[in-house]
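Undergrad: Show me how the following folds:
(2 chains)
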Amino acid sequence: MFLTLKELRHEKLKFGALGLIIFLIVFLVLFITGLANGLANDSGSALKNTSAQTFILQKGSEKRLNRSQLTDADWNKVNHRNAAKLSVAQMTIQKSNKASKKTDIAYFVTDANSFLNPKTINGQKLKNNDNNSVVVSSKLKTDGYKIGDTFKDSTSKKVFKIAGFTDNTAYSHTPVIYLNFKQYQHIAPQNNNFNAIVLQSQLKQKTGYQVVDKQSLIGAIPGYSAEQGSLYLMIGFLYLISLFVLAVFFYIINLQKLSDFGTLKALGTSTPYLVRHVITEMGLLSLISILLSFAITYLIKLVLPASMPFSLSSGVLLGTGGLFILITLLSALLSLIKVIKIDPITAIGGNN
Amino acid sequence: MSVLELKSIIKNYPDGQLVNEVLKDISFTVEKGEFAAIVGPSGAGKSTLLTIMGALLTPSSGSVLLNGHDISHLSKKQQTELRLNEIGFIFQNSDLIPYLKISDQLKFIQKISKKETGNAEEVLTKLGLQNRLHSYPNVLSGGEKQRVAIARAFINQPDLILADEPTASLDSKRGREVVQIIQQTVHQEDKAAVMVTHDERVLDLVDSIWQIEDGRLKKVR
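TA: Below is the predicted model of the structure:
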C-alpha cells in the first residue's frame, strides 16, 4: 500500500489518463446496457411485469400473439385453472377534441377478474361492468393524458375515459391501454376471437396448440431480438476491447518501471510484495473509475428524456462493476509475469 | 573478525558450445570497519563478483560466508530477505525510486524490513540533505542522489555495504566527496564495505585494494 499510494500520488497524469480510459469504457458499457434494458422494457414490459408463465397460442402462430386466433371453443377445450384470455391489438388513439394529436398504442384486452388486470399506481382498476373507464400505461402521461381525460379510438371513433394509470408498461414500443372484452366489442364488434390463453403456471405442451413460455414470447415480439442482439454484441465487444486495451496500457506502464522493480528487488523487496503492489494499483484505479462511472450514469439517467428508454437495476450495475474489476485484474496478468520474472541482478553494473 | 569471506569461488557461464569461466578460484575477505576496493578493467568480472557477494547470484562452486554463515546456496526468497536485512547496496546511478520522496526512499526500506532502525530524517540531515527531505529524486543533483543512496544503504543497519561504481556518473570532486562519505560512515558505524571501481583517484580513501584481472583476484594493498 505504501508504494502504491505514493506512486498514484506522484504519477497523477499517467494514472489519471488510464483511469479516464477505464471510466469511459465502463460508462459506455453501462450506458448501452441501460439502453438495451430500456428498449427491452419498452418492447415487452406489459408482458414481462405480469405473473403470467405460459402462453397457449394457435398452432403455427410462430410465438407471435398477433398471428394466433383462438375461440371460446379453444377456451373450453384447454379448460385450465387460473387461466386468462388475452387479446392484443395495435391501434392509434387521439385526443377527443384534437384529431391532429395521435398516439400509437397497444390494446391489451382481458377479463378484469383475471390476474392479467394490472395494478394501478393511481386511479381505479379496470372493471368488467364498465363500458367506458379504462386503465392506461403511465407512459401516456408524456403525451399529456391525465386521469379523467378522454381519448378517441381513431378507427372506431369510440371514446374512453382514463380511470387509472398503471406502471410504465409498453408493448412493442407503444404504451398499453387495458380494456375488458365488453369495451373491445365497441372497437372490433365482429371479432369474438382472442389471441392467447395465459396461464400462471408452467406448461410444457398441449396437443393442438403452440405452448410458449413468457421469455420466448417476448423474444418473438417484432424487433425485440434484433435490438437486443445488436446491443449485446456491442457490449460483448466492449468487454473484449477493454480487456486488450487495458492489458496493453498496463503492460507499457509497467514496462517503463521494470528497472525500478529490479532495483526494489535488489534492495530486498519480495516478489509477492511487488505483485500485491501492482494488483492494488490496478484494482484501486479501476475501482475509483468504476464508481465514478456509476455516478455519472446515474446523473445521465436523471436528465434523459422519457422518450429515450433507459433502465439499469442495481444488480446489473454491480454485476458490470464486478466484471470490470475482473477484467482489469486479468489484463494486469501480463504485466505481473514481467514483474515476477525481472531479475534483481539488472540493478548491478549500471544497466539502468 | 571477517564479515564477508569468499572461499575458492568459481563462476561459469555457458558461451555457445563452450563454457566461459568468469571467476577463477577467487578468495576474498573483508573485516568489520574495513573499506575495501576492487579495481580492474571492464569485463574482468567485477560486477559478477559483486553480485555473488550481494546474494544476487549463486556461484558455480565455492562458498560465501556472511558473518560465518554460508549464503551461497540460499533460495531466492532467503536471498531477498538477506539482502534486505544484512546488506546495503549503493548502485552506479543511485537508482532511487522516482515516485518516492527522499525521506520515503528510506522509510520504505524500514517499512518492508519491519526493523525499528534509526530516524530517516536524522540520517539524511547528517548527510546535508535537510532541505531535500520532501523533494522527488528528479530535482536532485547527481551528488545529492548518491548521498541519498548511501543513506538508504545504511538505514537498515546492515553489516555489509556493497557499492557498485558509486562515482561513475559524477565529476571527480563530487565523486571524491561521495567516497569520503562512505568511508566516514563505514568507520563511524563500524561496518564492512566493498566498493567496485575503476576510479583510481579515490583509492587513497580505502583501507585495502584488490585487483581483478581475467577472473583472478589478488590483494594489492
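
Undergrad: all contacts plus neighbour counts: C-alpha atoms, from now on.
TA: Noted.

Undergrad: and the residue of the stretch 251-352 of chain A found nearest chain B, what does it touch?
TA: Residue of the stretch 251-352 of chain A nearest chain B, by CA to the nearest CA: A:Gly268 (4.0 Å). Applying CA atoms under 8 Å, 6 or more residues apart in numbering or on different chains to A:Gly268 gives the contacts B:80-85.

Undergrad: Show the contacting residues for A:Phe261.
TA: By CA under 8 Å, 6+ apart, the neighbours of A:Phe261 are A:274, A:339, A:342, A:344.

Undergrad: Using the three-state scheme, assign the second one.
TA: In the three-state summary, A:Val339 is assigned as helix, counting by DSSP: H, G, I helix; E, B strand; the rest coil.

Undergrad: Give me the residues contacting whichever strand or helix holds A:Arg9.
TA: Using DSSP states H and E, A:Arg9 maps to helix A:2-10. For helix A:2-10, contacts defined as CA under 8 Å, 6+ apart pick out A:15, A:277-278, A:280-281, B:99-100, B:108.

Undergrad: so where is chain A shaky, pLDDT-wise?
TA: A:349-352 (pLDDT under 70).

Undergrad: could you pull out the strands for it?
TA: Using DSSP state E, the strands found in chain A span residues A:54-58, A:83-95, A:98-110, A:120-123, A:133-137, A:150-153, A:159-166, A:170-171, A:174-179, A:196-199, A:209-213.

Undergrad: which residues touch the second one?
TA: If you take CA under 8 Å, 6+ apart as the criterion, strand A:83-95 is touched by A:65-66, A:100-111, A:114-116, A:150-155, A:194-200.

Undergrad: who does the closest residue to A:Ile147 other than its chain neighbours bridge with?
TA: Nearest residue to A:Ile147, sequence neighbours excluded (CA to CA, 6 or more residues apart in numbering or on different chains): A:Ile162, at 5.3 Å. Bridge pairing for A:Ile162 (DSSP bridges) gives the partners A:Val134.

Undergrad: right, and A:Ile162 touches A:Val134 too?
TA: Yes: shown here, A:Ile162 and A:Val134 form a contact pair, counting by CA atoms under 8 Å, at 5.3 Å.

Undergrad: Tell me how many other residues crowd A:Asn230.
TA: Actually, residue A:230 is Ser rather than Asn. By the criterion of other CA atoms under 10 Å in any protein chain shown, A:Ser230 has 12 neighbours.

Undergrad: one step back: in what helix or strand does the closest residue to the residue of the stretch 251-352 of chain A closest to chain B other than its chain neighbours lie?
TA: Counting by CA to CA, 6+ apart, A:Gly268 lies nearest to B:Leu84, which is 4.0 Å off, once chain neighbours are set aside. In this assignment (DSSP H and E), B:Leu84 forms part of helix B:76-86.

Undergrad: so for that helix, what's the average pLDDT?
TA: Averaged over helix B:76-86, pLDDT sits at 91.

Undergrad: Could you do stretch B:204-219 as well?
TA: Mean predicted lDDT for stretch B:204-219 stands at 91.

Undergrad: Let me know whether stretch B:112-122 sits next to chain A.
TA: Yes: judged by CA under 8 Å from any CA of the partner chain, stretch B:112-122 and chain A are in contact via B:Ile112.

Undergrad: First-to-last residue distance for that stretch?
TA: Stretch B:112-122 has its terminal residues 19 Å apart, counting by CA to CA, to the nearest Å.

Undergrad: Appreciated, that's everything.
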